[in-house]
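J.: based on what follows, work out the 3D shape:
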Amino acid sequence: MSVIKYTPFSDFDAFPSGLRLFQDSVNRLFTEPSGRPWVPPVDIQETEHELILKADVPDVDMKDIDVRMENGTLTLRGERKFEATKAEANKTQGGWHRVERSYGTFERAFTLPDTVSPEGIKADYKNGVLTVTLPKKEIAKPRQIKVQVAS
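T.: Numbers count the residues shown, from 1 in each chain. Coordinates of the predicted model:
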């Protein structure tokens, strides 16, 4: 008995170009090594003086990460590459038993409040965690005012 590769969307060539984007997305789901797009999880914490965003991006080189702030939107882009050399080496030893981690490009965009100051944004990458620190504008920081009571 022979194995036949099933390609359920091979007949979409006759459809309009608007559906081509859908076709490309679905095809990518079936052809990526892990079978699903990768979206790194993100935590966002607010302190008195700043917003702190932490994204889990293990096995991603810092050179493959792009952090941008434009028009009040913070965008994180990057790529975790599937190491073909390990895949080829393992084929000679029997191949992969499981590939559950996702690979490929990712993009996350966050709309920032007006209270964030674009100057002074810092990004740090340590132990697979990207930390972006977004300072607040002085006007947005809480102030304590003493009230004088007249007797």
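
J.: any regions of the protein where pLDDT drops low?
T.: Applying pLDDT under 70 to the chain flags the ranges 1-2, 5-21, 23-36, 84-94, 140-142.

J.: switch the cut-off to 50
T.: 34, 87 (pLDDT under 50).

J.: where do the strands sit along it?
T.: With strands called from DSSP state E, the chain shows them at 42-46, 50-56, 65-70, 73-80, 104-111, 122-126, 129-135.

J.: got the angle for the third one vs strand 73-80?
T.: To tie it back to what came earlier, the one meant is strand 65-70. 170 degrees (axes from the mean of the first three to the mean of the last three C-alpha atoms, to 10 degrees).

J.: then the second one?
T.: Between strand 50-56 and strand 73-80, the angle formed by their directions is 20 degrees, by the same axes, to 10 degrees.

J.: got it, and the first one?
T.: In this structure, strand 42-46 runs at an angle of 150 degrees to strand 73-80, with the same axes, to 10 degrees as the basis.

J.: about what we covered before: can you say which of the strands of the chain is nearest to A150?
T.: Evaluated over the strands of the chain, closeness to A150 peaks at strand 42-46, with 37.0 Å, by C-beta to C-beta. C-beta: built from backbone N, CA, C; applies to glycine.
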